[in-house]
Structure formats: structure tokens, C-alpha cells
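Participant: Model the following, please.
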Amino acid sequence: MREPLLKVYGHVYPVSDAFYADLDAACADALADDADEPVLCREGDMARVSFEGVYFPVDEVLAALARHLRPEHQGKLDVLDLENWRLTRHLFDQGRIRSTSAPLNNVLDYSGH
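Facilitator: Below you'll find the predicted structure:
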């Protein structure tokens, strides 16, 4: 079994039915290593992303988020690119998406831990 090229984890809340449906459509083309596990799931008013595989439609998911984000939404989406050894973190705060990136070697310094 080969190692996944991408790992993507995140959450956003609170999400409405329309917000979740748009995220679900944006995640539809993800090529996960384990097709039995959903890429997107809903827990109450929170949407969670959990992905490991070769392709994740980051731009489409960020576009879906941007269409729905309001000041009350919070969350993040971490994209670990194992091929290029980078972490890109997309933070959702005050209705905006703020993206930063760092090498995985520096991830503990980068994440504030």
C-alpha cells in the first residue's frame, strides 16, 4: 500500500443545510485512499473534513466556503502536501479565509505548539 500524497483535515461551524450541501458537492471529486470513509461528515451544526489520498479539490472547497462564510463561522482546513512537504492552513474567522503555509519540518513552530 502506498502512502497518500495529501492529507486534509478541517471543520467549520455553524453550517446550514445549504452550506453543507455546497461543501458536499465541492468534495465530490476527492480521490480518497479509503472510499468507505466519507470525506465530509456532519456532526450537529459542524461540518468535518477528513481526507487522505491523491487528489482533493481544495480550490472548489475554498470557493464553496467563501460563498457561505459569515462573521459567526469558525474553523480551519489544514492541507498537508506530503509530496512537497508543506502544510497550508486556511483559517475561517470573521467571514474571511486567511491562508498561511510552512514546511512540515517547522509545523510545530508554525502551529503555535
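Participant: So for stretch 72-89, mean pLDDT?
Facilitator: Within the predicted structure, the mean pLDDT of stretch 72-89 is 95.
Participant: Give me the contact list for that stretch.
Facilitator: Under the criterion Cβ atoms under 8 Å, 6 or more residues apart in numbering, residues 3-15, 46, 49, 56, 58, 61-62, 65, 90-93, 95, 99-105, 107, 110-111 lie in contact with stretch 72-89. Quick note: C-beta positions are derived from backbone N, CA and C, even for glycine.
Participant: buried subset of these?
Facilitator: Among the contacts of stretch 72-89, those that count as buried by neighbour count (16 or more other Cβ atoms under 10 Å) are 4-8, 10-13, 15, 49, 56, 58, 61-62, 65, 90-92, 107.
Participant: Next, the buried residues of the helix or strand where residue 49 lies.
Facilitator: Residue 49 belongs to strand 46-55 when elements are defined using DSSP states H and E. For strand 46-55, burial by neighbour count (16+ other Cβ under 10 Å) applies to 47, 48, 49, 50, 51, 52, 53.
Participant: What of stretch 38-48?
Facilitator: Of the residues in stretch 38-48, those scored as buried under the neighbour-count criterion (16+ other Cβ under 10 Å) are 38, 39, 40, 47, 48.
Participant: and residue 75, how many neighbours?
Facilitator: Neighbouring residues of residue 75 were enumerated by other Cβ atoms under 10 Å; the total is 21.
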